[in-house]
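Novice: here's a sequence, model it:
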Amino acid sequence: MLVISLITLAIASLSAFVSLNMQEEVFRVAIKCIALLSLFITLLLAPWAIKLTLATILVMSDRIIQPILQKPGS
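Specialist: Predicted coordinates:
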């Protein structure tokens, strides 16, 4: 299952890179959709430890960023 996850992650990365170099808007949107779909599939197929790590990072980053964004004295 890890191999399939890595393949879809490679497809997502390649699609994102190609979309940056495209000139036509229609193809750019289509390639971005492919990248998002591949990234979603990668997250579905990822082992639970990786999902737990990503969730922890997201929760902790919110707790770290909120005090920085608040204005001093408010």
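Novice: please make it C-alpha for all contacts and neighbour counts, starting now.
Specialist: Fine.
Novice: my read: Leu43 touches Leu52, true?
Specialist: No. Counting by C-alpha atoms under 8 Å, Leu43 does not reach Leu52; the two are 11.1 Å apart.
Novice: which one's more surrounded, the two?
Specialist: Using other C-alpha atoms under 10 Å as the criterion, Leu43 and Leu52 rank with Leu43 on top: 17 against 11.
Novice: the more buried one: what's it in contact with?
Specialist: 5, 51 (C-alpha atoms under 8 Å, 6 or more residues apart in numbering).
Novice: try it again at 7 Å.
Specialist: Under the criterion of C-alpha atoms under 7 Å, 6 or more residues apart in numbering, Leu43 has no neighbours.
Novice: list the buried ones in the host helix or strand of it?
Specialist: Using DSSP states H and E, Leu43 sits in helix 25-45. Neighbour-count burial for helix 25-45, counted by 16 or more other C-alpha atoms under 10 Å, picks out 28, 31-36, 38-39, 41-43, 45.
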